[in-house]
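Engineer: Next one to model:
(2 chains)
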Protein chains: 2
Amino acid sequence: MALFHFGDIVHQKPEVPMYLPQHFAETDPARIEALIDAHPLACVVAQAEGGMVANHLPLLRDGAGRLIGHIARANPLHTRVAQGAELLAIFQGAEGYISPNWYPGKADHHRHVPTWNYEVAHVYGAARFFDDEKSLRAVVGRLTKRFEQETNGAEGWRMADAPADYMEQMLGQIIGLEITITRVLAKSKIGQNREAEDRLGAAEGLEARGNPALARAMRERGGPL
Amino acid sequence: MALFHFGDIVHQKPEVPMYLPQHFAETDPARIEALIDAHPLACVVAQAEGGMVANHLPLLRDGAGRLIGHIARANPLHTRVAQGAELLAIFQGAEGYISPNWYPGKADHHRHVPTWNYEVAHVYGAARFFDDEKSLRAVVGRLTKRFEQETNGAEGWRMADAPADYMEQMLGQIIGLEITITRVLAKSKIGQNREAEDRLGAAEGLEARGNPALARAMRERGGPL
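Structural biologist: Numbers count the residues shown, from 1 in each chain, chains lettered A, B, ... in the order given. Next up is the predicted model:
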């Protein structure tokens, strides 16, 4: 399916800078795709006339270098932002505070400070808004299929479960959004720059304090232990 | 302590629009403050010369209409964005997919569609970068105290645990960031627009699928059940 790879457009040294030290630059397309798939609620930022504006909406990768979703028709984004304007869709994965107390190395030399670990993907692209019913049905259908399968499996809700007049009315209240991706900056700040024993210690600290998602990322993806 | 209240600057009808239907506008300062305190990792967006740029960093409310934190000195944000420029700090709380299957009302009339619920605060303000050692020590001290107390209680790490030369070196590698808040848009999309039984049904669905945080917000804050 995935003819498009984020690797084609992942920037290690962005001209517009998210602060991205090389050891934190995430350049593995599969990991970036997995982050987006696992955390689909994007924060979509635009530069409108009066300044920056952000909206939160689920976006899906369509496998061909695009993100798709929809906004409310009443959301002025589609009137304030021109077709083709740049949008920034921010996806955020696991995150958490890292205490120096968790580093076994601390006892030796005490040369550690607190930090925050996280995984994010910043996807830049060109906006296209649309409202033809066929395309809207396709977008809504894909979102529904994806999230209902995950949530309810074979018992998932389908658009056909709702009365036709109601679905038509609902589709009339949204505007489709397609973002054609132009560049991707992704950052995995998961302790790759630490001694293995310190990274493992921090993962254990996170697990003990109820943050297994970030601990897993640090164990699996922070490099060999 | 909190002389400043977000209520002074919370906008229900923003000129720069996050889409914010009145029933989702969060105008309770205490709730906005609680959201920020519970989810301190902000996504800070700026308009730089080459376009939008986002960075993720923990920010604390300082009780007087400001957010404070720090970035790496190597982060070009402080050279690309002027003193006083507008920043947008986005705080995100609980979020999750809401299936129509969870609404008891669905069985009656099937007039429901999927949605996504979430709680966010968009805090706009003017940037001030600083690097005098005294102010940096104060910011780092506050961040450390806050997160170490939460994480390790009385056993919390303190700056004094690290060698003085090392701390000096570390402080030299950061730049302080203070954001003087100019406006706040906050949105609690937690089913306030639903029948109580549907909202409760959705909360139960979330709990059954491992999202107690969003369920709690919907039970506590979605209005009386």
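
Engineer: what about the strands in chain A?
Structural biologist: Taking DSSP state E as the criterion, chain A carries its strands at A:41-48, A:51-58, A:60-61, A:66-72, A:86-98, A:115-130, A:174-189.

Engineer: List of residues touching the second one?
Structural biologist: Counting contacts by CB atoms under 8 Å, 6 or more residues apart in numbering or on different chains, the residues outside strand A:51-58 that touch it are A:40-47, A:69-71, A:75, A:77, A:80, A:143, A:147, A:177, B:16-19, B:45, B:47, B:52, B:86, B:88, B:90, B:92, B:95, B:97, B:116, B:118, B:120, B:122, B:124, B:187. C-beta coordinates here come from the backbone N, C-alpha and C atoms, glycine included.

Engineer: Report the buried residues of it.
Structural biologist: A:52, A:53, A:54, A:55, A:56, A:57, A:58 (16 or more other CB atoms under 10 Å in any protein chain shown).

Engineer: Could you pull up the contacting residues of the spatially most central residue of chain A?
Structural biologist: By CA atoms, centre = their mean, chain A has its centre lying nearest to residue A:91, at 2.2 Å. Contacts for residue A:91 (CB under 8 Å, 6+ apart) come out as A:35, A:36, A:39, A:40, A:42, A:120, A:121, A:123.

Engineer: from the residues you listed, which two are the most distant?
Structural biologist: For these, the farthest-apart pair by CB to CB is A:40 and A:120; their separation is 13.8 Å.

Engineer: Going by how many neighbours each has, rank those two and give me the top one.
Structural biologist: residue A:120 (24 against 21; other CB atoms under 10 Å in any protein chain shown).

Engineer: is it true that the more buried one touches residue A:88?
Structural biologist: No. If you go by CB atoms under 8 Å, residue A:120 and residue A:88 don't touch, sitting 11.5 Å apart.

Engineer: Go ahead and confirm residue A:102 touches residue A:202.
Structural biologist: Yes. Counting by CB under 8 Å, residue A:102 touches residue A:202, with 4.5 Å between them.

Engineer: which of the residues in the least confident helix or strand in chain A by mean pLDDT are buried?
Structural biologist: Least confident helix or strand, chain A: helix A:106-109 with a mean of 75, by mean pLDDT, DSSP states H and E. Buried residues in helix A:106-109, defined by neighbour count with 16+ other CB under 10 Å: residue A:106.

Engineer: just stretch A:205-218 next, same as before
Structural biologist: Neighbour counts over stretch A:205-218 (16+ other CB under 10 Å) mark A:205, A:206, A:209, A:211, A:213, A:214, A:215, A:217, A:218 as buried.

Engineer: Can you add pLDDT and distance to residue B:23 and give those residues back as CSV?
Structural biologist: Putting the buried residues of stretch A:205-218 into CSV (pLDDT from 0 to 100; distance: CB to CB, whole Å) gives the following:
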residue, pLDDT, distance to residue B:23
A:205, 96, 41
A:206, 97, 37
A:209, 94, 36
A:211, 95, 33
A:213, 95, 32
A:214, 96, 34
A:215, 97, 38
A:217, 93, 36
A:218, 94, 40
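
Engineer: among these, which are in reach of chain B?
Structural biologist: Restricting these to those near chain B by CB under 8 Å from any CB of the partner chain leaves A:205, A:209.

Engineer: shared neighbours of residue A:120 and residue A:88, anything?
Structural biologist: Common neighbours of residue A:120 and residue A:88 (CB under 8 Å, 6+ apart) do not exist.

Engineer: Could I get the contacting residues of the residue in chain A sticking out farthest from the centre?
Structural biologist: Distance from the centre of chain A peaks at residue A:108, with 38.1 Å (CA atoms, centre = their mean). With CB under 8 Å, 6+ apart as the criterion, no residue contacts residue A:108.

Engineer: I'd like the distance between it and chain B.
Structural biologist: Counting by CB to the nearest CB, to the nearest Å, the separation of residue A:108 from chain B is 12 Å.

Engineer: ditto for residue A:69
Structural biologist: Distance of residue A:69 to chain B, given as CB to the nearest CB: 10 Å.

Engineer: swap in residue A:190?
Structural biologist: 13 Å.

Engineer: likewise residue A:67?
Structural biologist: As judged by CB to the nearest CB, residue A:67 and chain B stand 15 Å apart.

Engineer: again, but for residue A:25
Structural biologist: According to CB to the nearest CB, residue A:25 and chain B sit 13 Å apart.

Engineer: can you count the residues close to that residue?
Structural biologist: Residues within reach of residue A:25, counting by other CB under 10 Å, total 18.

Engineer: Surely it and residue A:192 touch.
Structural biologist: No. Between residue A:25 and residue A:192 there is no contact under CB under 8 Å: 10.1 Å.

Engineer: Residue A:186: what's its closest spatial neighbour, skipping adjacent residues?
Structural biologist: Leaving aside its sequence neighbours, residue A:186 sits nearest to residue A:26 (CB to CB, 6 or more residues apart in numbering or on different chains; 3.7 Å).

Engineer: about what we covered before: give me the subset of the contacts of residue A:91 that also touch chain B.
Structural biologist: The residues of the contacts of residue A:91 that also fall near chain B, by CB under 8 Å from any CB, are residue A:120.
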